[in-house]
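Q: Sharing a model that was predicted from the sequence below.
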Amino acid sequence: MGGRMQGTRTPTLTLPRPGGGNISLVEVRDLVKEFRTQRGTVRAVAGVSFDIFEGETLGLVGESGCGKSTLGRALLRLVEPDGGNIRFAGRDVLALHRDDLRALRREMQIIFQDPYASLNPRMTAGEIVSEALEIHHLEATIQARADRTLSLLTRVGLRAEHLDRYPHEFSGGERQRIGIARALAVTPRFIVCDEPVSALDVSIQAQIVNLLADLQARQKLTYLFISHDLRIIEHISDRVAVMYFGKIVELAPADALYATPLHPYTQALLAAVPVIDPQHRRQRLPLAGEPPSSFDPRSHCAFHPRCPIAIDRCKREAPPLVAIGSNSTHVVACFRAEERLVSGT
């Protein structure tokens, strides 16, 4: 992003994918998900729009409680959205009835955060994986299902001897491999990876991330990879969306976002990541104040109470997500993003 930058402008929602195709597999427009409680209504997802392109990994990062897991589950209608639109390969996901949605689930799968809680403790690894084949009638005979189940377990790094073991007999990393094999069983095109390594030891996390990257390359998979760990997001993502209190505040190619973060929240997240080399350590931005209430209707910038560069306008208006400079692939919701890009701060 060298040279003098041009003025901000509202982007088209279908942002070009750098270095890849521009075929949108998942299209999300103004998605809303609310939860009603005794105290009031919590808007977990507050009008979010983005595309995910075929064959890419879109990383979704943010603090716990920002709405990222709710967003991921809403894409698959594991929770029902309250507004907006979701299209998958051109089909209106929210208009599908039960049978059609069940058929679509062959193409859209999820890998859960806790590999132990997501596996039936009364079923063996082989039964867990083969169950998906039975539900979707993917193999005609018992032997065909058995052969395919073994092939799936082998593909994720397990062996024939693991077929008859129960979840409690596996390590956390091995359980997650079973969850991945289950997701792959129905040959999906798109997988929501919902914090798939956060419950694992650090020594195992890289193995699972590398496995997912290898499977993606071999099977042409598309991922939404949800995490609070920016190091993992950087390693696996083509583009990164940063979420804060139900909204995306920045979205850019991974290399651009890590090199030139423009939203003060993104900058604060990156500054908090431990760095071994002190020469590459980012200036830490103080986040004074408290996060906004979950019941706040947010007719302003939700980040402004904690923002070190907030201006009066931030207290009155919610900044739109706009493209910055001449690069339409980098969008940010901050009134001061352009001036900070030009000044290099």
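A: Sure thing, it's come through.
Q: switch to C-alpha atoms for all contacts and neighbour counts from now on
A: Fine.
Q: So which residues of the stretch 101-250 of the chain form strands?
A: Secondary structure of the stretch 101-250 of the chain (DSSP state E, counting those that start in this stretch): strands at 108-111, 190-194, 222-227, 239-244, 247-253.
Q: For those, give me JSON lines that also has mean neighbour count.
A: Below are the strands of the stretch 101-250 of the chain laid out as JSON lines (neighbours: other CA atoms under 10 Å):
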{"stretch": "strand 108-111", "mean neighbour count": "24"}
{"stretch": "strand 190-194", "mean neighbour count": "24"}
{"stretch": "strand 222-227", "mean neighbour count": "25"}
{"stretch": "strand 239-244", "mean neighbour count": "24"}
{"stretch": "strand 247-253", "mean neighbour count": "26"}
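Q: Distance to residue 259 added to the ones you listed, as JSON lines?
A: As requested, these are arranged in JSON lines below (distance: least, CA to CA, whole Å):
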{"stretch": "strand 108-111", "distance to residue 259": "29"}
{"stretch": "strand 190-194", "distance to residue 259": "25"}
{"stretch": "strand 222-227", "distance to residue 259": "19"}
{"stretch": "strand 239-244", "distance to residue 259": "12"}
{"stretch": "strand 247-253", "distance to residue 259": "10"}
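Q: Quick one: those strands as JSON lines, columns for mean pLDDT and distance to residue 299 too.
A: Formatted as JSON lines, the strands of the stretch 101-250 of the chain follow (pLDDT from 0 to 100; distance: least, CA to CA, whole Å):
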{"stretch": "strand 108-111", "mean pLDDT": "96", "distance to residue 299": "33"}
{"stretch": "strand 190-194", "mean pLDDT": "97", "distance to residue 299": "29"}
{"stretch": "strand 222-227", "mean pLDDT": "97", "distance to residue 299": "27"}
{"stretch": "strand 239-244", "mean pLDDT": "96", "distance to residue 299": "15"}
{"stretch": "strand 247-253", "mean pLDDT": "95", "distance to residue 299": "13"}
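Q: among those strands, which is nearest residue 161?
A: strand 108-111 (23.2 Å; CA to CA).
Q: in stretch 182-201, what counts as buried?
A: 182-186, 188-198, 200 (16 or more other CA atoms under 10 Å).
Q: worst-scoring helix or strand of the chain, pLDDT-wise?
A: The helix or strand of the chain with the poorest confidence is helix 337-343; it has a mean of 71 (mean pLDDT, DSSP states H and E).
Q: Domain map for the chain?
A: By the assignment in automatic domain parsing, the chain contains the domains 25-107+188-290, 120-187.
Q: Lowest average confidence across those domains, which one?
A: When these are ranked by mean pLDDT, domain 25-107+188-290 comes last with a mean of 90.
Q: sorry, back to before: so which of the domains of the chain is nearest residue 316?
A: So among those, domain 25-107+188-290 is nearest, using CA to CA, at 16.9 Å.
Q: Show me what the helix or strand hosting residue 69 is in contact with.
A: Residue 69 is part of helix 68-75, with elements assigned from DSSP states H and E. With contacts defined as CA atoms under 8 Å, 6 or more residues apart in numbering, helix 68-75 is touched by 33, 44-45, 60-62, 79-81, 86, 192, 194, 224, 226, 243, 246.
Q: out of those residues, who's nearest residue 322?
A: Using CA to CA, those come closest to residue 322 at residue 243, 14.9 Å.
Q: Bridged to that closest one, which residues?
A: Here residue 243 sits in beta bridges with residue 248, going by DSSP bridges.
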